[in-house]
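[1] I'd like to go over a predicted model; first the sequence, then the structure.
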Amino acid sequence: MTPYERYSSSLEGLPLDYFPRIPIVMQFAAEYIGSNYGEFASDHRVLVEANIRCAEDFGFEQLSCISDPYRETAGFGAEIIYHKNGVPECRKPPLSHVEEIEDLLSLKAPDPEGSIRMKDRIDAVRLYKERVGEHYSILGWVEGPAALGGDLRGLSEFLMDLIDEPELCEKLMDLCLETTTRFALAQIEAGADTIGIGDAICSQISEEVYSKLIWPRQKQLMENIHTAGAKVRLHVCGQTRHLWPQMSKLPIDIFDCDHMVQLCEARSIFPKDVILAGNLDPVSDLRFGNPEQIRAKLKLCKDAAGSRFMINAGCEIPSGTPVENLKAFCAPLTP
């Protein structure tokens with residue numbers, strides 16, 4: 001099987017030779033090819049080269065376009081500062097000044113092809129297709145409605161708005177939904193077969209607020225992606241157990257489980273056709289563990305998740321992870 005055939009067969013519930021490997025690599029990948037995080041996040045050619053080299057050398061089924069959370073934020077005019085050894089920084093949230101709903105109604109979602117940073121991610125998808133065709137799955141990426149709202153307003157301001165200004169938040173997230181939908185569809189048109197949705201701020205939000213304000217917009221975004229012909233991979237860092245009863249009703253294809261949650265519990269709550277990806281601790285297991293421990297923990301993950309499983313860490317593979325550890329992580333694991 002080719003990597004893409006293995007990935008798509010897993011999604012369809014067909015027999016597999018071994019489970020797909022879909023780890024997220026960013027700074028690790030950049031450094032693996034002798035580059036750095038700043039170049040990886042600012043130049044799609046570095047991102048593509050780094051991901052392809054890692055996929056070839058370690059054995060991944062999926063190539064990712066993720067680099068940082070500020071692609072859409074830059075589309076709204078935010079100044080992004082790049083760091084050689086760290087995540088890009090948004091100097092000032094572009095909508096931190098907004099006080100009235102009318103201020104939001106006058107704003108338009110940015111054109112993905114007209115924003116330098118959004119277009120750079122689309123160009124990454126195009127370059128993947130040019131270089132590897134259908135050999136690997138290609139993962140596009142967007143921010144979820146809440147995550148983008150926090151990026152545009154500032155996290156503290158957004159969390160306060162959810163309580164004090166829910167109508168303002170709803171209008172803001174409607175704008176976010178339009179933005180991320182346009183961005184997702186542009187990546188799908190360029191060749192992405194799956195769209196990852198990052199909505200990490202949800203781990204800090206109550207079930208009541210999540211269910212009322214955020215869940216409906218996540219659902220609409222996922223339906224928009226499915227209508228365009230792509231799959232959905234939801235990535236919410238942190239402890240999200242309190243949201244699972246509602247989150248499990250979303251039309252998710254792949255759910256990334258962070259390391260602090262229990263795969264066996266996720267398996268009991270999420271529909272049986274949802275693939276669980278996870279969930280080794282990126283630091284204690286991948287960065288500071290050893291190959292034998294990694295393989296043993298992966299087998300426990302497989303047993304907990306069952307046949308609807310893909311190999312992933314709780315979040316990205318950290319910089320400094322020993323090569324032998326990542327090779328052990330990606331060694332074929334049979335169903």
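    All right, it came through fine.
[2] Tell me where the stretch 51-200 of the chain has strands.
    For the stretch 51-200 of the chain, the strands defined by DSSP state E, counting those that start in this stretch cover 62-64, 80-83, 86-90, 137-143, 194-198.
[3] May I see the ones you listed organised as CSV, with mean neighbour count added?
    Heads up, the C-betas are built off the backbone N, CA and C, glycines and all. Formatted as CSV, the strands of the stretch 51-200 of the chain follow (neighbours: other Cβ atoms under 10 Å):
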stretch, mean neighbour count
strand 62-64, 27
strand 80-83, 14
strand 86-90, 17
strand 137-143, 28
strand 194-198, 25
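[4] now those as CSV including distance to Gly278?
    Shown next, in CSV, are the strands of the stretch 51-200 of the chain (distance: least, Cβ to Cβ, whole Å):
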stretch, distance to Gly278
strand 62-64, 14
strand 80-83, 28
strand 86-90, 21
strand 137-143, 16
strand 194-198, 14
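[5] how about those strands, which one is nearest Pro216?
    Closest to Pro216 of the strands of the stretch 51-200 of the chain is strand 194-198 (Cβ to Cβ; 14.3 Å).
[6] For that closest one, which outside residues touch it?
    62, 64, 66, 69, 137-144, 147, 180, 184, 187-188, 218, 221-222, 225, 230-236, 253-254 (Cβ atoms under 8 Å, 6 or more residues apart in numbering).
[7] Arg71: how many residues sit nearby?
    30 (other Cβ atoms under 10 Å).
[8] isn't it right next to Ile116, touching?
    No. Assessed by Cβ atoms under 8 Å, Arg71 is found out of contact with Ile116, at 9.7 Å.
[9] Straight-line length of stretch 28-45, end to end?
    16 Å (Cα to Cα, to the nearest Å).
[10] any idea of the mean pLDDT in that stretch?
    Stretch 28-45 comes out with an average pLDDT of 98.
[11] mind listing what's buried in that stretch?
    Residues 28-32, 35-44 are the ones in stretch 28-45 that count as buried (16 or more other Cβ atoms under 10 Å).
[12] what do you get for stretch 240-255?
    Thr240, Leu243, Trp244, Gln246, Met247, Leu250, Ile252, Asp253, Ile254, Phe255.
[13] Please convert those residues to JSON lines, extending it with secondary structure and distance to Leu162.
    Listed next are these as JSON lines, based on DSSP: H, G, I helix; E, B strand; the rest coil; distance: Cβ to Cβ, whole Å:
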{"residue": "Thr240", "secondary structure": "coil", "distance to Leu162": "16"}
{"residue": "Leu243", "secondary structure": "helix", "distance to Leu162": "14"}
{"residue": "Trp244", "secondary structure": "helix", "distance to Leu162": "20"}
{"residue": "Gln246", "secondary structure": "helix", "distance to Leu162": "16"}
{"residue": "Met247", "secondary structure": "helix", "distance to Leu162": "17"}
{"residue": "Leu250", "secondary structure": "coil", "distance to Leu162": "19"}
{"residue": "Ile252", "secondary structure": "coil", "distance to Leu162": "23"}
{"residue": "Asp253", "secondary structure": "coil", "distance to Leu162": "28"}
{"residue": "Ile254", "secondary structure": "strand", "distance to Leu162": "27"}
{"residue": "Phe255", "secondary structure": "strand", "distance to Leu162": "23"}
